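S.K.: With the sequence up front, the predicted model follows.
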Number of protein chains: 2
Amino acid sequence: MRTIVALCGGVGGAKLALGLDRLPVDLRIIVNTGDDFLHYGLPICPDFDTLAYTLAGLANVEQGWGRAAETLAVQAELAGLGETTWFTLGDKDIALHLLRARLLAEGARLAPALDDIRRRLGIRCAIWPMSDHASPTLVDTEEGVLAFQEYFVGRRCTPVVRRVRYGAGVGCPEALAAMTSDRLDGVVICPSNPVLSIAPILAVPELHHALAGRRAPALAVSPLIAGRAVKGPTAKIFAELGLEVSALSVARYYEGLIDGFMLDEADASLAPAVQALGITPFVAATLMHTDEDRVALAECCVDALRALRS
Amino acid sequence: MRTIVALCGGVGGAKLALGLDRLPVDLRIIVNTGDDFLHYGLPICPDFDTLAYTLAGLANVEQGWGRAAETLAVQAELAGLGETTWFTLGDKDIALHLLRARLLAEGARLAPALDDIRRRLGIRCAIWPMSDHASPTLVDTEEGVLAFQEYFVGRRCTPVVRRVRYGAGVGCPEALAAMTSDRLDGVVICPSNPVLSIAPILAVPELHHALAGRRAPALAVSPLIAGRAVKGPTAKIFAELGLEVSALSVARYYEGLIDGFMLDEADASLAPAVQALGITPFVAATLMHTDEDRVALAECCVDALRALRS
């Protein structure tokens, strides 16, 4: 079975990850942990959690984060105690955080702790954090430097971004092993926010080095379609960082690290410009409304990697 | 207003503490923290929590621990994740633990963190931990050394106790200040388990020294009535430690640290034997079924302290 590594952030990336997980491939996902933080002492891994809930069929799809059929008993009591929290703590979500807290308190590295959790959730594919170590992404804005969740959830991405700083911890051994495996058939960079979700993974020196020196092809899927993000602040941040807001700009962002680039059908006209970067363009329907859409795009990605290998 | 210090453990002690809190006295409670532990990363203070819930009118009186009208959404999800837990984690309870986790994570000592919590719960009297530092009580049993909650909740006090080891951390400054205050009019040792709840407080060197060198009288209330404990394993542990199972034995346990001893009416015949220890005996109805009972016993204690002062 082909080994495919997927680099993934939260919501958008998780959709494609779900599609890849449904294919007969040996999928290993490397997830961004730059958003991880301690909240009320709970170790929270927002991108891992969104990914895991999505793959396990437990995600709140309408809301875009958290668990379906969630309840808020703990948070109601916290409010009764005079606490106001900008980060919603659902009861089911808290249970996952507590389990993770127990595993980490007993001395587990983050990678085996998350592996234990994904198995308990019945998830088939491997999911490895980019690093076992805290690697917090900081957002340098016109209103000062903000911790990621403070920027993303607390301020709803409104402050203008000047620069993003990445934690760049030591690469997770299992993630690095997946990236350098002899059986690796290709790397897919999921359509997550390049600056906030993928760049933190690529800022981990060992993983950057492994991708830059790859023997199997790498393909990125554009999170921008017709100059707009499907969800989230990708377009806004690209503009604030002085980058052109287009799929072509995303291809340029990954230059040197990818061999192929998946454009949405709406951006087919950008194919020659992508080609001019020395990156092979592919075109597919990249909007994923249903699980069928996710599997179809995943198949296009696997096909593209096959084409890049030959 | 008279300053009264009460040394207190969980359920039984909390009942008298509630009575004392209803009187026009400046009450400062020093609570046992030898039972404190981390569970799923949550900092849990069982005796403080029982005391605080009791004083705030939030306790589950039938159950004897935890919150009234509690829900178990988080614990149900933990079970769904394959966790079996011997320590019930109610949702409202978790909220309190999370608040405490936040305060401690932000650098607060335990004492101000607990003080913040008791104020949020609307509790009038001061409650100070015996120590700001972890001072875990360990129970040396015929089945090996057990952490307190493992013995008390996990094993339901069934293993035979050979010895109890106390953490004996540095005394909490606020607790020590209360014990050595010029305005102190007396100390009440509440009818908590002497071995498991009061001895850990007395094992804190500064507090033991302050009580041994007291200038205001100290009075203990017997947790044993007619040779039986109202609740909990006091009688069982006394027997296992080779101590006579009687109120007189409790008076002997506190010898040198108390001036007066409150016997239940059922044990009035023990008064001469208590007197023979050099401890002034008092007799009252010490079973506390209602809040009126609690206030009545508290008044008896304050009266006894007044008698001991004169």
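M.R.: All right, it came through fine. Computed from a prediction, not measured in an experiment: that's the story for all the values here.

S.K.: pretty sure residue A:216 contacts residue A:182?
M.R.: No: using CB atoms under 8 Å as the test, residue A:216 is too far from residue A:182 to be in contact (9.6 Å). For the C-beta atoms, the positions are set from N, CA and C on the backbone; glycine is no exception.

S.K.: In contact with residue A:302, which residues?
M.R.: A:2, A:4, A:20, A:23, A:25, A:186 (CB atoms under 8 Å, 6 or more residues apart in numbering or on different chains).

S.K.: er, residue A:155 actually
M.R.: For residue A:155, the contact set (CB under 8 Å, 6+ apart) comprises A:143, A:146.

S.K.: now swap in residue A:225 and tell me
M.R.: By CB under 8 Å, 6+ apart, the contact set of residue A:225 is A:247, A:264, A:266, A:267, A:286, A:287.

S.K.: Which positions are bridged to it in the beta structure?
M.R.: Judged by DSSP bridges, the bridge partners of residue A:225 are residue A:228.

S.K.: who has more neighbours, residue A:216 and residue A:182?
M.R.: Just comparing residue A:216 and residue A:182: by other CB atoms under 10 Å in any protein chain shown the higher neighbour count belongs to residue A:216, 21 against 7.

S.K.: which non-adjacent residue is nearest the more buried one?
M.R.: Closest residue to residue A:216 apart from its sequence neighbours, by CB to CB, 6 or more residues apart in numbering or on different chains: residue A:184 at 4.5 Å.

S.K.: Could you measure from the one you found over to residue A:178?
M.R.: To residue A:178, residue A:184 is 7 Å away according to CB to CB, to the nearest Å.

S.K.: same deal with residue A:11?
M.R.: Using CB to CB, one gets 23 Å for the distance from residue A:11 to residue A:178.

S.K.: which of these two has more neighbours?
M.R.: residue A:178 (25 against 21).

S.K.: A helix includes the more buried one, no?
M.R.: Yes: going by DSSP: H, G, I helix; E, B strand; the rest coil, the assignment for residue A:178 places it inside a helix.

S.K.: got a list of what it touches?
M.R.: With contact taken as CB under 8 Å, 6+ apart, residue A:178 is in contact with A:3, A:5, A:28, A:30, A:126, A:128, A:184.

S.K.: try residue A:85
M.R.: So residue A:85 contacts A:39, A:40, A:75, A:78 (CB under 8 Å, 6+ apart).

S.K.: Same check on residue A:226?
M.R.: A:264, A:266, A:267.

S.K.: Next SSE downstream of the worst-scoring helix or strand of chain A on mean pLDDT?
M.R.: Taking mean pLDDT, DSSP states H and E as the measure, chain A has strand A:228-229 as its least confident helix or strand, at a mean of 88. The helix or strand immediately downstream of strand A:228-229 is helix A:234-240, counting by DSSP states H and E.

S.K.: Quick one: mean pLDDT over that next one.
M.R.: Confidence for helix A:234-240, expressed as mean pLDDT, is 94.

S.K.: packing partners for the helix or strand that comes right after that helix?
M.R.: Once the chain leaves helix A:234-240, the next helix or strand it forms, by DSSP H and E, is helix A:247-253. In terms of contacts (3 or more CB pairs under 8 Å, 6 or more residues apart in numbering or on different chains; DSSP states H and E), helix A:247-253 is packed against strand A:224-225, strand A:260-264, helix A:271-276.

S.K.: Burial-wise, tell me which of these comes out on top.
M.R.: Ranked by mean neighbour count under mean count of other CB atoms under 10 Å in any protein chain shown, those are led by strand A:260-264, which reaches a mean of 25.

S.K.: Can you name every helix or strand that that one contacts?
M.R.: On a contact count with 3+ CB pairs under 8 Å, 6+ apart, strand A:260-264 meets strand A:218-221, helix A:247-253, helix A:271-276, strand A:280-284, helix A:291-309.

S.K.: For my notes, please list the ones you listed in JSON lines and give mean pLDDT for each entry.
M.R.: Below are the helices and strands packed on strand A:260-264 laid out as JSON lines (pLDDT from 0 to 100):
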{"stretch": "strand A:218-221", "mean pLDDT": "98"}
{"stretch": "helix A:247-253", "mean pLDDT": "97"}
{"stretch": "helix A:271-276", "mean pLDDT": "98"}
{"stretch": "strand A:280-284", "mean pLDDT": "98"}
{"stretch": "helix A:291-309", "mean pLDDT": "97"}
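
S.K.: Could you look over these and pick the most buried one?
M.R.: Note that of these, strand A:218-221 is the most buried (mean count of other CB under 10 Å), with a mean of 26.

S.K.: what sits up against that strand?
M.R.: Here strand A:218-221 makes contact (CB under 8 Å, 6+ apart) with A:16, A:186-191, A:211, A:250-251, A:254, A:257-262, A:282, A:286, A:297, A:301, A:304-305, A:308.

S.K.: Okay, helices next: where are they in the stretch 101-250 of chain A?
M.R.: Listed in chain order, the helices of the stretch 101-250 of chain A (DSSP state H, counting those that start in this stretch) span residues A:110-120, A:148-149, A:173-179, A:199-202, A:205-212, A:234-240, A:247-253.

S.K.: from the chain's centre, how far out does the first one sit?
M.R.: Between the mean C-alpha point of helix A:110-120 and the mean C-alpha point of its chain there is a distance of 17 Å (CA atoms, centre = their mean, to the nearest Å).

S.K.: mean confidence score for that helix?
M.R.: Throughout helix A:110-120, pLDDT has a mean value of 98.

S.K.: Tell me which other helices or strands it touches.
M.R.: With contacts taken as 3+ CB pairs under 8 Å, 6+ apart, helix A:110-120 sits against helix A:46-55, helix A:91-105, strand A:126-129, helix A:173-179.

S.K.: Select, out of those, the one closest to residue B:232.
M.R.: With respect to residue B:232, and counting by CB to CB, the nearest of the helices and strands packed on helix A:110-120 is helix A:91-105 at 27.9 Å.

S.K.: Okay, angle between that closest one and helix A:46-55 too, please.
M.R.: Comparing the axes of helix A:91-105 and helix A:46-55 via axes from the mean of the first three to the mean of the last three CA atoms, to 10 degrees yields an angle of 120 degrees.

S.K.: how about helix A:91-105: buried residues?
M.R.: Of the residues in helix A:91-105, A:91-104 count as buried by neighbour count, 16 or more other CB atoms under 10 Å in any protein chain shown.

S.K.: between those, which is closest to residue A:112?
M.R.: Nearest to residue A:112 among these: residue A:103, at 7.7 Å, using CB to CB.

S.K.: Is it correct that that closest one is in contact with residue A:116?
M.R.: Yes: contact status for residue A:103 versus residue A:116: in contact at 6.0 Å, counting by CB under 8 Å.

S.K.: Enumerate every residue touching residue A:32.
M.R.: Under the criterion of CB under 8 Å, 6+ apart, the contact list for residue A:32 reads A:7, A:8, A:9, A:10, A:47, A:130, A:192, A:197, A:198, A:200, A:201.

S.K.: repeat for residue A:291
M.R.: Listed by CB under 8 Å, 6+ apart, the contact set of residue A:291 reads A:18, A:19, A:22.

S.K.: Next: residue A:82.
M.R.: The neighbours of residue A:82, taking CB under 8 Å, 6+ apart as the test, are residue B:120.

S.K.: before we move on, what SS does it have?
M.R.: With three-state DSSP as the basis, the three-state label of residue A:82 is coil.

S.K.: Residue A:72: neighbouring residues, count only.
M.R.: Per other CB under 10 Å, the neighbour tally for residue A:72 reads 17.
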